[in-house]
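Visitor: The following block contains a protein sequence and its predicted model.
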Amino acid sequence: MNRELTFLRTFAVATVIGMLAFTSLAFKSTKNQKFSEIDVERINIIEKDGTVKMIITNVDRFPNGKDLINGKPTNESRKKRSGMLFFNEDGIECGGFIYDGQKNENGHSAGLSLTYDQYDGDQVMQLITQDYMKDDKRYVTSNLVFNDQTGKTSAQMVPRMMLGKTGAGSNGLFILADDGSPRAMFYVDKDNNAKLDFYDDKGTVISSFPEK
């Protein structure tokens, strides 16, 4: 009986040690793991020191409100959307890629935004598309926008130059003053007429080519 107990104890200990060794070796493997397909709600890309550098997320797990990323609060007023957020070496958010689209009472509303932020501020460059219905009419705008930042929030952001398509159907280059008012526009309107317009500080056209 004593021999049997000794054997069983020795076997149990050896089994546990073997399992621990196998698990340790498995986690220490230097080979990359390969997956044919993976379903995940959120991925945090981090540095060795734990600094989050990028987040890929669905809508529900999009960080805002009380979330802390790299020990810093996130934008509480920002709507949750699926997409990505980027962070610099100091752990500060420095841009992102978001998108959405769904049917609503007016028909539909969709959008896409790729932004790059100034250091510890909001976006200074943005690639943005909006597509929505209003009063049975469809509006689609697509622009590359360059902004001036007077502070750290989007409310303190002033667009200075836009390249793309407006809701009125004009395609061109639009240059604005530091208060966001138009100053010069070189564009092709919805009737395929090429125009060059200059504005004063009250928004009045002061010169055009070709002349009206």
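Guide: On my side now, so go ahead. Computed from a predicted model, the values in this text were never measured in an experiment.

Visitor: can you give me the helices for this protein?
Guide: Across the chain, reading from the start of the chain, the helices by DSSP state H fall at 2-27.

Visitor: Low-confidence bits of it, can you list those?
Guide: For the chain, the stretches with pLDDT under 70 are 1-30, 151-155, 212.

Visitor: hmm, try it at 80
Guide: With pLDDT under 80 as the threshold, the chain has low-confidence stretches at 1-31, 150-156, 212.

Visitor: in the protein, which spans are strands?
Guide: Defined through DSSP state E, the strands belonging to the chain, from first to last, are 42-46, 52-57, 68-69, 72-73, 82-87, 93-104, 107-117, 123-134, 137-149, 157-165, 171-176, 182-188, 194-199, 205-209.

Visitor: Make JSON lines from these and add mean neighbour count and distance to K34 to it.
Guide: C-beta: built from backbone N, CA, C; applies to glycine. Written out in JSON lines, the entries for the strands of the chain read as follows (neighbours: other C-beta atoms under 10 Å; distance: least, C-beta to C-beta, whole Å):
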{"stretch": "strand 42-46", "mean neighbour count": "13", "distance to K34": "16"}
{"stretch": "strand 52-57", "mean neighbour count": "18", "distance to K34": "19"}
{"stretch": "strand 68-69", "mean neighbour count": "13", "distance to K34": "29"}
{"stretch": "strand 72-73", "mean neighbour count": "13", "distance to K34": "34"}
{"stretch": "strand 82-87", "mean neighbour count": "19", "distance to K34": "23"}
{"stretch": "strand 93-104", "mean neighbour count": "15", "distance to K34": "26"}
{"stretch": "strand 107-117", "mean neighbour count": "16", "distance to K34": "30"}
{"stretch": "strand 123-134", "mean neighbour count": "16", "distance to K34": "33"}
{"stretch": "strand 137-149", "mean neighbour count": "16", "distance to K34": "38"}
{"stretch": "strand 157-165", "mean neighbour count": "17", "distance to K34": "41"}
{"stretch": "strand 171-176", "mean neighbour count": "18", "distance to K34": "45"}
{"stretch": "strand 182-188", "mean neighbour count": "16", "distance to K34": "50"}
{"stretch": "strand 194-199", "mean neighbour count": "16", "distance to K34": "54"}
{"stretch": "strand 205-209", "mean neighbour count": "11", "distance to K34": "60"}
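
Visitor: can you list the ones you listed in TSV and add distance to K31?
Guide: Formatted as TSV, the entries for the strands of the chain read as follows, by distance: least, C-beta to C-beta, whole Å:
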stretch	distance to K31
strand 42-46	20
strand 52-57	23
strand 68-69	30
strand 72-73	35
strand 82-87	27
strand 93-104	30
strand 107-117	34
strand 123-134	38
strand 137-149	42
strand 157-165	46
strand 171-176	51
strand 182-188	55
strand 194-199	59
strand 205-209	65
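
Visitor: Quick check: N70 touching T51?
Guide: Yes. The pair formed by N70 and T51 meets the contact definition of C-beta atoms under 8 Å, at 5.9 Å.

Visitor: Give me the common contacts of the two.
Guide: Contact with both N70 and T51 is made by residues 87, 91, according to C-beta atoms under 8 Å, 6 or more residues apart in numbering.

Visitor: tally of neighbours for N106?
Guide: Other residues near N106 come to 12 when the count uses other C-beta atoms under 10 Å.
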